[in-house]
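> Mind looking at a prediction? Sequence and model below.
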Amino acid sequence: MSPDAPLYERDPEAWNAYLAEGNARQARKRVGADVLIRDEHDHVLLVDPAYKPDWDLPGGMAEANESPAAAARRELKEELGLDIEIGRPLVVDWVSPHGPWDDSLMFIFDGGIRSHQQLSQLKIVDPELCSLRLANPAELSELLRPYVWRRVRAALYALPARLTVYCENGHSLV
């Protein structure tokens with residue numbers, strides 16, 4: 001083996017120790033994953049969490065070593081008993097530190113279009129939710145917190161454009 005070989009080829013144990021040290025010292029980010037689910041009339045499925053003052057998209061926080069898409073799917077199943085394939089990411093939003101929370105990355109995934117009848121038959125299966133509803137696009141800005149509304153607006157823009165939009169605090173950089 002050449003003395004110029006990368007560290008991981010020369011000494012795999014040293015390379016793993018280097019990675020472990022970096023893993024222990026580098027910042028970790030909280031990750032949340034929501035799902036944009038619509039009916040055939042472009043109404044958006046919203047949930048009313050008991051622990052928040054406003055409506056939100058269904059979804060939640062990722063667990064340790066869980067991908068954002070897997071977190072979104074798990075949260076839908078836990079909250080609403082809805083087991084669907086998660087579509088492409090529509091938004092990645094960096095949220096700056098606020099209050100006691102460090103910064104985070106929030107994703108919105110495409111949950112596709114479901115029939116109005118199917119969505120109106122959904123039942124809450126998690127006591128952390130008080131209610132759910134379908135909201136037309138004009139209602140979203142009044143029901144959602146301003147930064148969540150900006151994030152959802154970016155997701156609605158991303159859908160027909162077939163993009164993934166990057167935001168910071170809900171402000172799109174496109």
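Cool, got the structure. None of these values were measured; they are calculated from a predicted model. Numbering: from 1, shown residues only.
> got the buried residues for the helix or strand containing Ala154?
Following DSSP states H and E, the helix or strand that holds Ala154 is helix 146-161. Neighbour-count burial for helix 146-161, counted by 16 or more other CB atoms under 10 Å, picks out Tyr147, Val148, Trp149, Arg150, Arg151, Val152, Arg153, Ala154, Ala155, Leu156, Ala158. Yep, even glycine has a C-beta here, placed from its N, CA and C like the rest.
> and Asp110, how far is that from Ala27?
29 Å (CB to CB, to the nearest Å).
> before we move on, what about Pro53?
According to CB to CB, Pro53 stands 29 Å off from Ala27.
> what kind of secondary structure is the residue nearest to Leu80 when sequence neighbours are not counted in?
Distance criterion CB to CB, 6 or more residues apart in numbering; nearest residue to Leu80, sequence neighbours excluded, is Leu122 at 5.2 Å. Following DSSP: H, G, I helix; E, B strand; the rest coil, the label given to Leu122 is coil.
> Look up phi and psi at Leu122.
phi -60, psi 150 (degrees, to the nearest 10).
> Asp83 is in contact with that one, correct?
No. In this structure Leu122 lies outside contact range of Asp83 using CB atoms under 8 Å: 11.8 Å.
> Compare these two (neighbour count), which wins?
Between Leu122 and Asp83, Leu122 has the larger neighbour count (other CB atoms under 10 Å), namely 19 against 9.
> For Met61, see how far away the residue nearest the centre of the chain is.
Closest residue to the average C-alpha location of the chain: Ala33 at 1.8 Å, with CA atoms, centre = their mean. Here Ala33 is placed at a distance of 8 Å from Met61 (CB to CB).
> residues bridging contact with those two, i.e. touching both?
Ala71 (CB atoms under 8 Å, 6 or more residues apart in numbering).
> I'd like the next helix or strand past the lowest-mean-pLDDT helix or strand in the chain.
Lowest by mean pLDDT, DSSP states H and E among the helices and strands of the chain is helix 7-10, with a mean of 64. The C-terminal neighbour of helix 7-10 among helices and strands, as given by DSSP H and E, is helix 12-25.
> so what does the next helix or strand along the chain from that next one touch, helix or strand wise?
Using DSSP H and E, the helix or strand that follows helix 12-25 in sequence is strand 30-38. Judged by 3 or more CB pairs under 8 Å, 6 or more residues apart in numbering; DSSP states H and E, strand 30-38 is in contact with strand 44-49, strand 59-61, helix 68-80, strand 104-113, helix 146-161.
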